[in-house]
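# sequence and predicted structure below; questions after.
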Amino acid sequence: MRVCLASTSPARLMLLQQFGIRPLTVAPDVDEDAVVAAVAAGEGRELAPDEHVLLLARRKAADVAARLADDIPEFDGIVIGGDSMFEIDGAVLGKPYTPENATARWHAMRGRTGVLHSGHAVVRVSPGAPSREVHAVAEASVTFADDITDAEIDAYVATGEPLHVAGAFTVDSLGGAFIRRIDGDPSTVVGMSVSTLRSLIREVGGDWTALWHTVDPSLTAPAP
């Protein structure tokens, strides 16, 4: 059984590699803002964070699974899609993109606790058989140190690391030193809950340990 990660996130790829899985990676062709806006309009309300991340995880996995079935018909395995959002006091904090936004986020988060919502979707793809999809949301609370200085915030933002990650922080790199506590599966904060993935893969007939270090170098990613 092969593994395809429907993402180009370095953090998610590194996470799977750390747990013994060497996946094919394919960037999903999903307009995230348009997808969320369309579903929210149909529902007549804004989506809650857990709904938001699950919707996007499922769309990403479905897009890549369909392209694999067309472009690599011999692919026999699973496609993993994921999405994450950080929420604090009811406000959803996405990627800050600019140093100014990142700095403001860190001043607001210092000494406080937020929740990282992570959506997961796993699609089983087999030649000549209909695909099967399962999904789940995992959450972990993150408490930031209350003694982070302004100078430390400025130095961290200057590295550029927090600009392109949900919530403007990482737990597995430079930002980890500023996190006091995590309640929940720590891998959720990196980008995916590995324990949740294991359960989902079992649901579609996979064996987590059989995925360790399996990779087919002959497979190449389909074009977007």
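Received the coordinates, thanks.

# how many residues are close by Pro127?
For Pro127, the neighbour count with other Cβ atoms under 10 Å is 10. Just so you know, the C-beta spots here come from the backbone N, C-alpha and C atoms, and that holds for glycine as well.

# go ahead and confirm it touches Gly77.
No: if you go by Cβ atoms under 8 Å, Pro127 and Gly77 don't touch, sitting 10.5 Å apart.

# output the below-cut-off pLDDT ranges for this protein.
214-224 (pLDDT under 70).

# I'd like to know which elements the longest helix along it is packed against.
When the chain is scanned for its longest helix (criterion: DSSP state H), the result is helix 49-71. Helices and strands touching helix 49-71, by 3 or more Cβ pairs under 8 Å, 6 or more residues apart in numbering; DSSP states H and E, are helix 32-43, strand 77-88, strand 113-125, strand 132-144.

# next, the buried residues of the third one.
Neighbour-count burial for strand 113-125, counted by 16 or more other Cβ atoms under 10 Å, picks out 114-125.

# check the first one too.
Within helix 32-43, the residues that count as buried by 16+ other Cβ under 10 Å are 35-36, 39.

# out of the residues you listed, which comes closest to Val92?
Within the buried residues of helix 32-43, the smallest distance to Val92 is 11.1 Å, found for Val36 (Cβ to Cβ).

# got a list of what that closest one touches?
The neighbourhood of Val36, defined by Cβ atoms under 8 Å, 6 or more residues apart in numbering, consists of 47, 52, 55-56.

# ok, now Trp208?
Counted by Cβ under 8 Å, 6+ apart, Trp208 has contacts 198, 201-202.

# ok, 7 Å please
If a contact means Cβ atoms under 7 Å, 6 or more residues apart in numbering, then Trp208 has 198, 201 as its contacts.

# same deal with Asp83?
Counting by Cβ under 7 Å, 6+ apart, Asp83 touches 53, 56-57, 60, 119.

# just Ser193 next, same as before
So Ser193 contacts 118, 120, 138, 185, 187 (Cβ under 7 Å, 6+ apart).

# redo that, cut-off 6 Å
Taking Cβ atoms under 6 Å, 6 or more residues apart in numbering, we find Ser193 in contact with 118, 138, 185, 187.

# can you lay out those residues as a markdown table showing distance to Tyr97?
Shown next, in a markdown table, are the contacts of Ser193 (distance: Cβ to Cβ, whole Å):
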| residue | distance to Tyr97 |
| --- | --- |
| Ser118 | 20 |
| Ala138 | 25 |
| Asp185 | 27 |
| Ser187 | 25 |
